[in-house]
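S.K.: let me see the structure of the following:
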Amino acid sequence: MSDSSSDISDADPPWGSLAAERYLLHHWNRDSTESPDEQRKRLVNAFIHAGPGRSVPYTSPSAAQISDILEPWRTRLQHEVANKDGMSPAICLRTCYRLGSDAIHEDRLGGSIDLEMAIGGDHRLLNDPTHYNYGADWHRVFQVVPELLEPLAPGWAFYEQDQHRAIEALTAYAERGIAAVESRLVENLTGVSQGAPGLGFQGAELEYQIAVVLQSSVHLACVVTWVVIEDEEAFDSGNVGLMFVDALGRVVRWTRIEPAFVCAMGGAWARGSWVEMDEWLEGNIGPEYQMGGSCGGLLFESMRGA
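M.R.: Alright, predicted model coming up:
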């Protein structure tokens, strides 16, 4: 969907009410030696990395603050996409606009997908070469809609607690082995659980599968949203990118899917069943979550010890 409109007079929700807008207005320094664009970029990055500190009090902005600080930063459509109240946190993002791609886009995503069911409405399909001609650098979208990286309700406390529990379980397994693992997980994997056939793993394979499950739990606890990428490869292969990202915009896992599957992904996310899908379970691990990545050390040390 194109977002070239600059009309901000009747924005819903009001300008200045969303988390990143409040943060920019609260920390804005009119006497800064930075250019306005430099200050916006620095503050948006600070917002993304602030964690629970992203939250600042709401103060109704003046007309000058809207026109000087917020309006040059993002369009009204981007403002609306940043509002996740009661809606899907996901977006579809087209980053390739090469010659002849418009008709292919319309056939695959523009007209054949129920975007209301998939991602909460066609306004969440970001399709405008003026704003999104990112090429491979699709992460730039978080510079204009960083609220996509906000954990959903019940919010930061639950998000961090969930990560802590998952990492604690993986650490305990790395240190003490199977004795530290919940008996239910071991029973399910060995096939001795009552009422379930189990998978029949034993020995080294059982140890490896436990590490895989615990690693997946850590990955799961880090995900805040998913993004569908219609990039150059999507036009070449016919399959769009599906990215599961964390609160800093880093890819936790990713895969390629047929465009028609976007609706199924939206429904699975709403039900919470996406964690059982092959697209998640067998997805590629993102660079930062691999060995050598900023998030990968603990995970891969645990896997190596299995």
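S.K.: where do the strands of the stretch 201-306 of the chain begin and end?
M.R.: 223-230, 240-246, 251-257, 284-285 (DSSP state E, counting those that start in this stretch).
S.K.: let's have the ones you listed in JSON lines, adding mean pLDDT, mean neighbour count and distance to residue 114.
M.R.: In short, each C-beta sits where N, CA and C put it, glycine included. Shown next, in JSON lines, are these (pLDDT from 0 to 100; neighbours: other Cβ atoms under 10 Å; distance: least, Cβ to Cβ, whole Å):
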{"stretch": "strand 223-230", "mean pLDDT": "96", "mean neighbour count": "24", "distance to residue 114": "14"}
{"stretch": "strand 240-246", "mean pLDDT": "96", "mean neighbour count": "23", "distance to residue 114": "15"}
{"stretch": "strand 251-257", "mean pLDDT": "96", "mean neighbour count": "20", "distance to residue 114": "16"}
{"stretch": "strand 284-285", "mean pLDDT": "94", "mean neighbour count": "16", "distance to residue 114": "27"}
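S.K.: mind checking which of the ones you listed is nearest residue 270?
M.R.: Set against residue 270 and scored by Cβ to Cβ, the strands of the stretch 201-306 of the chain come closest in strand 223-230, at 11.7 Å.
S.K.: what packs against the closest one?
M.R.: strand 91-94, strand 240-246, helix 261-271 (3 or more Cβ pairs under 8 Å, 6 or more residues apart in numbering; DSSP states H and E).
S.K.: just send the strands of the stretch 201-306 of the chain back as a markdown table, with distance to residue 69 too.
M.R.: Converted to a markdown table, the strands of the stretch 201-306 of the chain look like this (distance: least, Cβ to Cβ, whole Å):
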| stretch | distance to residue 69 |
| --- | --- |
| strand 223-230 | 25 |
| strand 240-246 | 26 |
| strand 251-257 | 30 |
| strand 284-285 | 38 |
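S.K.: of those, which is nearest residue 209?
M.R.: Across the strands of the stretch 201-306 of the chain, closest to residue 209 is strand 284-285 (Cβ to Cβ), at 16.5 Å.
S.K.: who are the packing partners of the closest one?
M.R.: Packed on strand 284-285, when contacts are counted by 3+ Cβ pairs under 8 Å, 6+ apart, are strand 251-257.
S.K.: switch to 6 Å and redo it
M.R.: For strand 284-285, not one helix or strand is in contact under the criterion 3 or more Cβ pairs under 6 Å, 6 or more residues apart in numbering; DSSP states H and E.
S.K.: contacts for that strand?
M.R.: 253, 254 (Cβ atoms under 6 Å, 6 or more residues apart in numbering).
S.K.: same list, the helices and strands packed on strand 223-230, but as JSON lines with distance to residue 101 please.
M.R.: Listed next are the helices and strands packed on strand 223-230 as JSON lines, based on distance: least, Cβ to Cβ, whole Å:
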{"stretch": "strand 91-94", "distance to residue 101": "8"}
{"stretch": "strand 240-246", "distance to residue 101": "13"}
{"stretch": "helix 261-271", "distance to residue 101": "18"}
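S.K.: these: which one's closest to residue 294?
M.R.: Of the helices and strands packed on strand 223-230, nearest to residue 294 by Cβ to Cβ is strand 240-246, at 10.6 Å.
S.K.: domains of this structure?
M.R.: Domain ranges of the chain: 10-73, 86-306, per automatic domain parsing.
S.K.: please identify the most buried of the ones you listed.
M.R.: Of the domains of the chain, the one with the most neighbours on average (mean count of other Cβ atoms under 10 Å) is domain 86-306, at a mean of 17.
S.K.: sorry, back to before: of all the strands of the stretch 201-306 of the chain, which one is nearest residue 269?
M.R.: Going by Cβ to Cβ, the one of the strands of the stretch 201-306 of the chain nearest residue 269 is strand 223-230, 6.6 Å.
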